[in-house]
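**Q** Just the structure for this:
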Amino acid sequence: MATKNSTRRKLAIATWSAPREGNIYGKLTVDVTEALDYIAQVRERTGLKITITHLVGVAVARALAKAPGLNGTIKLGKYVQHETVDVAFLVALEGGNDLGKALVRDAAELGVADIAESLRAQAQRLRDGKDDDFEKSKGLLRALPTWLLRPLLWLTGWLSGSMGANIPALGVTAFPFGSCIITNVGVFGLDEGWAPPTPFARVPVYVLTGAVRERPSVVDGELTTRQQMTLCATIDHRFLDGAQGGVLARVVRDVLENPWQLDDSEQATEVVEQDDSDILGEAQPTAVSEEAPPPPVADPVPEAAVDPVPDPGRI
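**A** Down below sits the predicted model:
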C-alpha cells in the first residue's frame, strides 16, 4: 500500500538518478581516547553539552583551511575558492522523519564550544519553526509534485551553490551548505557509512562519523584497548588530488588525537545547558581510495541503541 512521502523522502526521490559523477570514497580510523577526555574537560569548564560531533567539526574545518582546493565551488567550469570555511551539520526533525541543516560559518576560526553553541541555537530555531529560510523552502517542497521538484532543485542548487545567488522569496541563500556536510551514523549503532552526494548541495566533501568503540590497539609496543572511531568521506574527484587527501587525513587525525592543542584558541563561551539530541552532525575526510562506491547508507531510522561509550558522537 502506498504511503504518503515525508518531505525528506520526496526531496530524495526528486534529487537522485543514476550516478554519473566521479567520487572518491575513503575512511580513517582514529584514536579518540584523548578526545573524549578533552570533551569531558570542556563540558566541565563551560557547562555546554560538548560532543564528539563538535570536535569533528573543528577538525574538518581546520583541515579544509589547509586544503583550500576543497574549500570552494565550481562556477561556470572554473574553481572558485570560498572566503571562509563554512561547514553544515544535518539536524533530525519531527522525530527523524525530516532533516534540516545548521550552517556554521567561518568554522576554522572557532573553538569546539563556539561550534556547540552555534549548533544548539540553530537546531532550536529549526525545531521551533523559527528558521525563516527553512520554513519557506519546506512549504514550497511540500506543495510541488515530485516530477516538478527535480528541475527546480537543480536550478536552485546551481543558482545558490555554484553562482552564490540569494533568493529570499524561496528561502534560498548563497552557498547554503558551505564546503562540507557532516552527519553522524554512530547514533544508529553503525560503525561506518558513506553519504551519497546531494546534487543540489554542491559541496565537495561529505563526512560521516561512526560509533565510538573500544578496540585493541598497540601503544608504545604494548597491546591495550583504546576508544576508536571511524570517519568516512565521500569527496568530489573534481576537487581532490592525492596531496590534498593526505592533508585532510593528517589534520583531522592530529586534531582528534591531540585535542589539547585547541586550548590556546578556545574562547570562553557563556554557560548554556542544551539538548541537541536531534542533531546528527558528523564525519570526516580520510585516506582516500578510488574503490567502487560502497552501498548507500540506509534511510535514517527512529532512535537506535547508542554505544555505551561516553558520548558516542551524538550532538
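**Q** Now whichever strand or helix holds L149 - C-alpha only, CSV.
**A** Element membership of L149, judged by DSSP states H and E, is helix 146-157. Output in CSV follows, covering the C-alpha atoms of helix 146-157 (Å, rounded to 0.1, in the frame of the first residue of the first chain):
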residue,chain,number,x,y,z
THR,A,146,7.9,15.3,-7.3
TRP,A,147,8.3,15.5,-11.1
LEU,A,148,8.5,19.3,-10.9
LEU,A,149,10.9,19.3,-7.9
ARG,A,150,13.7,17.7,-9.9
PRO,A,151,14.3,20.6,-12.3
LEU,A,152,13.6,23.1,-9.6
LEU,A,153,16.1,21.6,-7.3
TRP,A,154,18.8,21.6,-10.0
LEU,A,155,18.1,25.2,-10.8
THR,A,156,18.1,26.5,-7.2
GLY,A,157,21.1,24.3,-6.4
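**Q** Residues contacting it, please?
**A** Taking C-beta atoms under 8 Å, 6 or more residues apart in numbering as the criterion, the residues outside helix 146-157 that touch it are 5, 10-11, 13-15, 141, 144, 167, 170, 172, 199-202. The way it works is simple: take the backbone N, C-alpha and C, and place the C-beta from them, glycine included.
**Q** That one: what's the following helix or strand?
**A** Downstream of helix 146-157, the first helix or strand assigned by DSSP H and E is strand 180-184.
**Q** per-residue confidence averaged over that following strand?
**A** Averaged across strand 180-184, pLDDT comes to 95.
**Q** try stretch 118-125
**A** pLDDT averaged over stretch 118-125 equals 92, rounded to a whole number.
**Q** cool, stretch 147-157 as well?
**A** 90.
**Q** cool, and stretch 103-113?
**A** Stretch 103-113 comes out with an average pLDDT of 96.
**Q** Filter the contacts of helix 146-157 down to the buried ones.
**A** Of the members of these, the ones counted as buried by neighbours, 16 or more other C-beta atoms under 10 Å, are 10-11, 14-15, 141, 170, 172, 199-202.
**Q** Please tell me how far L256 sits from L152.
**A** Using C-beta to C-beta, to the nearest Å, one obtains 39 Å as the distance from L256 to L152.
**Q** So which of these two has more stuff around it?
**A** The residue with more neighbours, out of L256 and L152, is L256; 24 against 15, by other C-beta atoms under 10 Å.
**Q** any idea how far the closest residue to that one other than its chain neighbours is from A65?
**A** Using C-beta to C-beta, 6 or more residues apart in numbering and skipping the chain neighbours, the partner closest in space to L256 is V30 (4.8 Å). Between V30 and A65 the computed distance is 19 Å (C-beta to C-beta).
**Q** For those two, indicate the residue with more neighbours.
**A** The neighbour count for V30 versus A65, taken as other C-beta under 10 Å, is higher for V30 (23 against 18).
**Q** contacting residues around that one?
**A** Counting by C-beta under 8 Å, 6+ apart, V30 has contacts 228-231, 252-253, 256-257.
**Q** mind listing what's buried in stretch 249-265?
**A** Using 16+ other C-beta under 10 Å as the burial criterion, the residues of stretch 249-265 that qualify are 249, 251-253, 255-256, 259, 262.
**Q** likewise stretch 98-109?
**A** Judged by neighbour count (16+ other C-beta under 10 Å), stretch 98-109 contains these buried residues: 98-104, 107-108.
**Q** Kindly reformat those residues as TSV containing distance to G210 and secondary structure.
**A** Rendered in TSV, the data for these read as follows (distance: C-beta to C-beta, whole Å; DSSP: H, G, I helix; E, B strand; the rest coil):
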residue	distance to G210	secondary structure
D98	23	strand
L99	19	strand
G100	22	strand
K101	20	strand
A102	21	strand
L103	23	strand
V104	21	strand
A107	21	helix
A108	24	helix
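**Q** Go through those residues and name the one nearest G72.
**A** The shortest distance between G72 and any of those, using C-beta to C-beta, involves A108 and amounts to 13.8 Å.
**Q** Assess the claim that the closest one and V60 are in contact.
**A** No: under the criterion of C-beta atoms under 8 Å, A108 lies out of contact with V60, with a separation of 9.2 Å.
**Q** before we move on, the earlier item: could you give me the buried positions within the helix holding L149?
**A** Applying 16+ other C-beta under 10 Å to helix 146-157 flags 149-150, 153, 156-157 as buried.
**Q** next one: stretch 121-130 to chain centre, how far?
**A** A distance of 18 Å separates the centroid of the chain from that of stretch 121-130, by C-alpha atoms, centre = their mean, to the nearest Å.
**Q** Would you mark the buried spots in it?
**A** Of the residues in stretch 121-130, 122-127 count as buried by neighbour count, 16+ other C-beta under 10 Å.
**Q** ditto for stretch 209-219
**A** Of the residues in stretch 209-219, those buried under the neighbour-count criterion (16+ other C-beta under 10 Å) are 209-213.
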